[in-house]
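Trainee: need coordinates for the below:
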Amino acid sequence: MNDRIFSPSSLIAEVNSLLEQGFKNIHVEGEITNASTSGRGHLYFTLKDENAALDCVMWASRARRLKFDAEDGLAVQARGSVTIYRQRGRFQLVVDALEPQGIGALQLAFEQLKAKLGDEGLFDPERKRPMPTLPSRLGIVTSATGAALQDMLKVLRRSPHIEVVLAPAAVQGEGAAAEIARAVDRLGASGLVDVIIVGRGGGSLEDLWAFNEEVVARAIAAAAVPVISGVGHEVDFTIADFVADIRAATPTQAAELVAARVEEQDRRLSAAEDALRRDLRRHLKMAGARLEGLEGSGGLAALPHRVAALRQRFDRADRLGAALRGLADRVRSRLVRAEAVLGRLPARVAAGGHRRLLASRCEQMGQLMRARLNRCGAELAAKRRTLSSLSPDRVLERGYSITTIKNSSRPLKDPAQVRAGQILVTRLAGGELRSLATDRPVRRPKRAAISDRQPSLFGDATDDPGDRNGID
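Mentor: Just a heads-up that it's a prediction; the model follows:
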């Protein structure tokens, strides 16, 4: 055999034959690392211990049956066969089954899904909805042949006002979770029920596992109406219990919650009815006492006379209506006659007179409007001349000037406003002059008032023109 020459394919096939005979259905324990899932659903990971690592693959047909997620760091026991991957010549373990170490696969899957949905907020009390005040139509998702349904119906018979709508579904075994989710979706979207009970009787963790599936949890969370979970016995907890709006320990208790709400409303209605009857009896008794007190009184004795007087007033009103109708008929006749007279008048004469009157009035209005516009134009021209004579530009044209400090628009009134080194801008009719202020500004004393002084151009006859707001 040592003289035999192998191709890579023949060598790998030979080795695989030996490996499959000697290492079939072996068990390997280790820690998962580098776990990943391909687009086709195959699970790839590595099992390692302190000294070595082993590549592993779990085909999609097997990986889909896992109840838990193969996460990095998880200690597991893998069962499978050793082969060599031909395309790469890589030694690997083809895994047929995978079990976590230290905790069962179902319990691990339960904890993983619980943590995942809890992080998404599906267990938060804020999103839980209360039961309707008066549920009249109840939807039940359970097995049609199970004892849990009969237990719930026995309780609900106490409240004949509750209408029950059953959406039967398998509650155990392959495909049960999908049936339960579809039944919840169908009832919630139908608009036929006010609340839904999802439940079944007790059993092992495996028996109750359909209520721990993610598809059921998301269907309950997305239901259009509140959902009550009643699964197993009081010690049993499922993912459906955490997601549901209300958790009941058993299916019977779930039915009790609905029936108790209806019975509570019945008691409230009965109490309200009794209170209303008491009030009516009291009011009738008080009214009877008042009638007995009025019997024989002067006011009650005068009641027939008051009725007769009112009847007479009604009769007069009836006769008045007939008189008004007659008056209306007479007025209508006068209008008809007047219309006939107007119809006989010459239409051309009447129409011509109206046209002449309208033309005369239009001519008068035109004259009035033209006169008004002329007066307004004259007043506007006079005001324009006045404003023009008071314009600072006209004042500058007569030889005056206005002085300001640079970068300021306020005219100077007093030399004390100027500091040494400031630039002064003097505005003249033909332009501007700029000058530098000395270090000792001189303030000119006011002159004595004389009667023949020239009045100020700005309306103050008592000031010297040279002392006005920076005008030189």
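Trainee: contacts, neighbours, all on C-alpha from now
Mentor: Fine.
Trainee: where does the stretch 151-300 of the chain dip in pLDDT?
Mentor: Scanning the stretch 151-300 of the chain for pLDDT under 70 picks out 294-300.
Trainee: go again using 80 as the cut-off
Mentor: Across the stretch 151-300 of the chain, residues meeting the criterion (pLDDT under 80) sit at 204-206, 234-236, 263-270, 288, 290-300.
Trainee: where exactly do the helices run in it?
Mentor: According to DSSP state H, counting those that start in this stretch, the stretch 151-300 of the chain carries its helices in the segments 176-190, 214-221, 239-243, 251-294, 298-301.
Trainee: point out the most buried one among those helices.
Mentor: helix 239-243 (a mean of 25; mean count of other C-alpha atoms under 10 Å).
Trainee: who are the packing partners of it?
Mentor: In terms of contacts (3 or more C-alpha pairs under 8 Å, 6 or more residues apart in numbering; DSSP states H and E), helix 239-243 is packed against helix 105-119, helix 214-221, strand 227-231.
Trainee: picking that back up, V307 is nearest to which of the helices of the stretch 151-300 of the chain?
Mentor: Set against V307 and scored by C-alpha to C-alpha, these come closest in helix 298-301, at 11.3 Å.
Trainee: nearest to E206, of the helices of the stretch 151-300 of the chain?
Mentor: helix 176-190 (12.0 Å).
Trainee: for T145, give its distance to V82.
Mentor: 47 Å (C-alpha to C-alpha, to the nearest Å).
Trainee: the helices of the stretch 151-300 of the chain: which one's closest to L380?
Mentor: helix 176-190 (80.3 Å).
Trainee: what helix or strand is R79 on?
Mentor: Per DSSP states H and E, R79 falls inside strand 75-85.
Trainee: ugh, typo on my part, it should be G399
Mentor: With DSSP H and E as the test, G399 turns up in no helix or strand.
Trainee: how about it, what does it touch?
Mentor: Under the criterion of C-alpha atoms under 8 Å, 6 or more residues apart in numbering, the neighbours of G399 are 428-429.
Trainee: now what about stretch 206-222, what contacts it?
Mentor: 106, 110, 113, 122, 171-173, 176-178, 180-182, 184-185, 202, 227, 231-232, 238-240, 243-244.
Trainee: the host helix or strand of L320: what's the following helix or strand?
Mentor: L320 belongs to helix 303-344 when assigned by DSSP H and E. Going down the chain from helix 303-344, the next helix or strand is helix 347-390, by DSSP H and E.
Trainee: off-centre distance for that next one?
Mentor: For helix 347-390, the separation from the chain centroid amounts to 63 Å (computed by C-alpha atoms, centre = their mean, to the nearest Å).
Trainee: center of the protein - which residue?
Mentor: In the chain, the C-alpha nearest the mean C-alpha coordinate belongs to R127, at 16.2 Å (C-alpha atoms, centre = their mean).
Trainee: let's have the helices and strands packed on helix 239-243 in TSV, adding distance to H42.
Mentor: TSV is the format used below for the helices and strands packed on helix 239-243 (distance: least, C-alpha to C-alpha, whole Å):
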stretch	distance to H42
helix 105-119	19
helix 214-221	21
strand 227-231	34
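Trainee: tell me the contacts of the residue nearest to A255 when sequence neighbours are not counted?
Mentor: The shortest distance from A255 to any non-neighbouring residue, by C-alpha to C-alpha, 6 or more residues apart in numbering, is to M152 (5.3 Å). The contact partners of M152, taken as C-alpha under 8 Å, 6+ apart, are 251-252, 254-256.
Trainee: save these as TSV, and put in distance to G41 too.
Mentor: Shown next, in TSV, are the contacts of M152 (distance: C-alpha to C-alpha, whole Å):
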residue	distance to G41
P251	38
T252	41
A254	39
A255	42
E256	45
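Trainee: on that earlier part again, list of residues touching the strand holding R79?
Mentor: Counting by C-alpha under 8 Å, 6+ apart, 12, 15-16, 19-20, 23-32, 90-101 sit against strand 75-85.
Trainee: which strands and helices sit next to the helix or strand following it?
Mentor: Using DSSP H and E, the helix or strand that follows strand 75-85 in sequence is strand 90-100. The contact analysis (3+ C-alpha pairs under 8 Å, 6+ apart) places strand 90-100 against strand 53-58, strand 75-85.
Trainee: mind putting those in CSV, mean neighbour count, distance to E206 and mean pLDDT included?
Mentor: Listed next are these as CSV, based on neighbours: other C-alpha atoms under 10 Å; distance: least, C-alpha to C-alpha, whole Å; pLDDT from 0 to 100:
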stretch, mean neighbour count, distance to E206, mean pLDDT
strand 53-58, 18, 23, 89
strand 75-85, 20, 20, 84
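Trainee: now render those as TSV, adding distance to R282.
Mentor: Converted to TSV, the helices and strands packed on strand 90-100 look like this (distance: least, C-alpha to C-alpha, whole Å):
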stretch	distance to R282
strand 53-58	83
strand 75-85	80
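Trainee: how about G41, what does it touch?
Mentor: Counted by C-alpha under 8 Å, 6+ apart, G41 has contacts 59-60, 63-64.
Trainee: those: which two are farthest apart?
Mentor: W59 and R64 (8.7 Å).
Trainee: one step back: tell me which of the contacts of G41 is nearest to R361?
Mentor: Using C-alpha to C-alpha as the measure, the one of the contacts of G41 that approaches R361 most closely is R64, at 101.9 Å.
Trainee: so what's that closest one up against?
Mentor: Applying C-alpha under 8 Å, 6+ apart, the residues contacting R64 are G41.
Trainee: the strand holding R79 vs helix 105-119, what angle?
Mentor: 100 degrees (axes from the mean of the first three to the mean of the last three C-alpha atoms, to 10 degrees).
Trainee: from the middle of its chain, how far away would strand 75-85 be?
Mentor: With C-alpha atoms, centre = their mean as the basis, the mean position of strand 75-85 lies at 54 Å from the chain mean.
Trainee: dump the C-alpha coordinates for that strand into CSV.
Mentor: Taking C-alpha atoms only, strand 75-85 is exported to CSV below (Å, rounded to 0.1, in the frame of the first residue of the first chain):
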residue,chain,number,x,y,z
ALA,A,75,-20.8,24.5,26.8
VAL,A,76,-22.4,21.7,24.8
GLN,A,77,-22.2,18.0,23.9
ALA,A,78,-22.3,17.3,20.2
ARG,A,79,-23.1,13.9,18.6
GLY,A,80,-22.0,13.2,15.1
SER,A,81,-19.5,11.7,12.7
VAL,A,82,-16.0,12.7,11.7
THR,A,83,-15.3,13.5,8.1
ILE,A,84,-12.9,15.4,5.9
TYR,A,85,-14.4,18.2,3.8
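Trainee: just want the angle from that strand to strand 53-58.
Mentor: 90 degrees.
Trainee: please renumber so the chain begins at 30
Mentor: Yes, from this point I'll number from 30; that puts the last item at strand 104-114.
Trainee: paired strands for strand 104-114, with orientation please.
Mentor: Using DSSP bridges, the strands paired with strand 104-114 are strand 55-66 (antiparallel), strand 119-129 (antiparallel).
Trainee: give me whichever of these is most buried.
Mentor: strand 119-129 (a mean of 19).
Trainee: other residues contacting that one?
Mentor: 83-88, 91, 95, 103-114, 134, 137.
Trainee: output that strand as PDB, nothing but the C-alphas.
Mentor: Output in PDB follows, covering the C-alpha atoms of strand 119-129 (Å, rounded to 0.1, in the frame of the first residue of the first chain):
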ATOM      1  CA  ARG A 119     -10.500  20.100   6.300                       C
ATOM      2  CA  PHE A 120     -11.100  17.800   9.200                       C
ATOM      3  CA  GLN A 121     -14.600  18.400  10.700                       C
ATOM      4  CA  LEU A 122     -17.400  16.900  12.800                       C
ATOM      5  CA  VAL A 123     -20.800  16.600  11.100                       C
ATOM      6  CA  VAL A 124     -23.200  17.200  14.100                       C
ATOM      7  CA  ASP A 125     -26.500  15.400  14.200                       C
ATOM      8  CA  ALA A 126     -27.600  16.500  17.700                       C
ATOM      9  CA  LEU A 127     -26.500  19.200  20.200                       C
ATOM     10  CA  GLU A 128     -27.300  19.300  23.900                       C
ATOM     11  CA  PRO A 129     -26.300  22.100  26.300                       C
END
